[in-house]
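Enquirer: show me the folded form of this:
(4 chains)
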Protein chains: 2
Amino acid sequence: MALPKVEEDDLLERLTGVFQKHGFEGASLSRISRATGLKRASLYHRFPGGKEEMAQAVIRHVHERFGRDLLEPLRGPDKPADKVRLMARRLDRFYDKGRQSCILDTLSLEDLAPLRQLTASAAHGWMEALAEVAVEAGASPQEARNLSEEAVIRVEGALILSRATGDRRLFEKVIEDLPRLLTGEDPEV
Amino acid sequence: MALPKVEEDDLLERLTGVFQKHGFEGASLSRISRATGLKRASLYHRFPGGKEEMAQAVIRHVHERFGRDLLEPLRGPDKPADKVRLMARRLDRFYDKGRQSCILDTLSLEDLAPLRQLTASAAHGWMEALAEVAVEAGASPQEARNLSEEAVIRVEGALILSRATGDRRLFEKVIEDLPRLLTGEDPEV
DNA sequence: ATTCATTTACCGAACGTTCGGTTAAGGAGG
DNA sequence: CCTCCTTAACCGAACGTTCGGTAAATGAAT
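Expert: As a prediction, the model looks like this:
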């Protein structure tokens, strides 16, 4: 069989970049083709469902990578505050210090049911992981849920505001404050 | 002179709806034409600068309406907590209980310098007004700035998360918590 | 009050470009 | 050979934009 010109994982990574930067409607096949190095027809070979399937794959890919790199460590044996500090550091990298948009934002505008379902489950997964670590740090289940919601809300809001104002310090501040918010401990940078 | 088919203010209102719902790239001239009742060519008579000028007009219009209806009352003679409660109620209406997106979000993705400048000044205007009322409620200037940033971040984040999850209670909760956050007083619904 | 040039607002039609998507054929590996 | 992956070429539709022209209201001069 012929060799794929771009490996699956690399392809998804490049695809993610386009949808992240331009949103669903702004992610034209030309841009996608340019970014991935694959012609339109090749993209349709990889994603017979077209653009919508690409967007779905992107959400799933980000969900998976996010879960593996940022959320899984939260379930490790370390101290809650340490684990949240680690996640905060990786969040900072994940969003490139506030320069990148979140696909929960850019891909939830379009009202396509399959995309909505995927963004919803991704958001819930994130919040649940945060709630668990908050419970571990001493919060009641109810408190933990509230804290995890607030944490995600702050990160998403900070991304929007950083983008809208061009001031990335807003994002940095929110990131640094996450350990205190979720575990009550100071960040000890 | 001929009578305008749609009054300036009504036109801007309808225009706003399209950009709010679909973002810059998703706001096609066909959609805009359908929503406003004006044909493509007529839109270019009103906005010779084309789509970008329409987007600029939308931001300016929202900025003005937002300032008049939500921020101006914050400078009135009433008690800070009362004023914030009023703003919170109007915010709830402004975003239709979390169903509407914020143009700071939908129009800041596109990297067009004029749009960025407008979203930035709108965001700063909002935060300044909130900081003023926080100072009035007893916060130090530094605290007030932090609180106003956090308030706007929360509102924007809640809008994203409500949209991504379909759960508008997140938005409602943030709205109800604004008076406490900014003035330290309970909402007393 | 009537004319008339001017201005404002609108629209049909078309511009060239790009959109998302398809078809048929070719090259590489098993 | 057969299967997988890629591509050139192509499609109708929609994109943002422009142009020529029409209808309605205005102000000034008659």
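Enquirer: got the residues of chain A near chain B?
Expert: Within chain A, the positions near chain B by C-beta under 8 Å from any C-beta of the partner chain are A:21-26, A:101-102, A:104-106, A:108-110, A:116, A:119-120, A:122-124, A:149-150, A:152-158, A:160-161, A:163-166, A:170, A:173-174. Just so you know, the C-beta spots here come from the backbone N, C-alpha and C atoms, and that holds for glycine as well.
Enquirer: any regions of chain A where pLDDT drops low?
Expert: Filtered on pLDDT under 70, chain A yields the residue ranges A:1-3, A:186-189.
Enquirer: need the three-state assignment for the residue of it found nearest chain B.
Expert: With C-beta to the nearest C-beta as the measure, residue A:157 is the residue of chain A nearest to chain B, at 2.7 Å. Here residue A:157 is recorded as helix under DSSP: H, G, I helix; E, B strand; the rest coil.
Enquirer: contacting residues for residue A:107?
Expert: Residues in contact with residue A:107 (C-beta atoms under 8 Å, 6 or more residues apart in numbering or on different chains) are A:19, A:23-24, A:55, A:58-59, A:115, A:119.
Enquirer: just the buried residues from the residues of chain A next to chain B, in ChimeraX please.
Expert: To isolate the buried subset of those in ChimeraX, counting by 16 or more other C-beta atoms under 10 Å in any protein chain shown, use the following:
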select /A:21,22,23,24,25,26,101,102,104,105,106,108,109,110,116,119,120,122,123,149,150,152,153,154,155,156,157,158,160,161,163,164,165,170,173,174
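Enquirer: can you give me the helices in chain A?
Expert: Assigned by DSSP state H, the helices in chain A fall at A:8-26, A:29-36, A:40-46, A:50-66, A:80-94, A:103-106, A:113-136, A:141-165, A:169-183.
Enquirer: what is the fifth one packed up against?
Expert: Judged by 3 or more C-beta pairs under 8 Å, 6 or more residues apart in numbering or on different chains; DSSP states H and E, the packing partners of helix A:80-94 are helix A:113-136, helix A:169-183.
Enquirer: what about residue A:74, neighbour count?
Expert: 20 (other C-beta atoms under 10 Å in any protein chain shown).
Enquirer: same question for the one 10 residues further on.
Expert: By the measure other C-beta under 10 Å, the count of residues near residue A:84 is 28.
Enquirer: what do you get for residue A:89?
Expert: Neighbour count of residue A:89, defined by other C-beta under 10 Å: 14.
Enquirer: gap between the closest residue in space to residue A:163 that isn't next to it in sequence and residue A:165?
Expert: Take residue A:163 and drop its neighbours on the chain: the residue closest to it by C-beta to C-beta, 6 or more residues apart in numbering or on different chains is residue B:108, 4.9 Å away. Applying C-beta to C-beta, to the nearest Å, the value for residue B:108 to residue A:165 is 9 Å.
Enquirer: shared neighbours of those two, anything?
Expert: Common neighbours of residue B:108 and residue A:165 (C-beta under 8 Å, 6+ apart) are residue B:119.
Enquirer: about what we covered before: which stretch among the helices of chain A is buried most, on average?
Expert: Of these, the one with the most neighbours on average (mean count of other C-beta atoms under 10 Å in any protein chain shown) is helix A:103-106, at a mean of 26.
Enquirer: ok, residues contacting that helix?
Expert: Helix A:103-106 has contacts (C-beta under 8 Å, 6+ apart) with A:16, A:19-24, A:58-59, A:62, A:119, A:122-123, A:156, A:159-160, B:105, B:109, B:160-161, B:164.
Enquirer: any part of that helix near DNA strand C?
Expert: No - Helix A:103-106 lies apart from DNA strand C when judged by C-beta under 7 Å from any atom of the strand; the minimum separation is 13.9 Å.
Enquirer: thinking again about what came up before, setting aside sequence neighbours, what's the nearest residue to the residue of chain A closest to chain B?
Expert: residue B:157 (2.7 Å).
Enquirer: show me what contacts the closest residue to residue A:129 other than its chain neighbours?
Expert: In space, residue A:129 comes closest to residue A:71 once its chain neighbours are excluded; the distance is 4.1 Å by C-beta to C-beta, 6+ apart. Shown in contact with residue A:71 (C-beta under 8 Å, 6+ apart): A:87, A:125-126, A:129.
Enquirer: which of those residues sit farthest apart?
Expert: Maximum pairwise distance among the contacts of residue A:71 (C-beta to C-beta): 13.5 Å, between A:87 and A:125.
Enquirer: touching, residue A:52 and residue A:113? I think so.
Expert: No - Residue A:52 is beyond contact range of residue A:113, at 10.3 Å (criterion: C-beta atoms under 8 Å).
Enquirer: common neighbours of these two, please.
Expert: Joint contacts of residue A:52 and residue A:113 (C-beta under 8 Å, 6+ apart) do not exist.
Enquirer: one step back: now the residue nearest to residue A:129: how far from DNA strand C?
Expert: Separation of residue A:71 from DNA strand C (C-beta to the nearest atom of the strand, to the nearest Å): 31 Å.
Enquirer: then residue A:120?
Expert: The gap separating residue A:120 from DNA strand C is 23 Å, by C-beta to the nearest atom of the strand.
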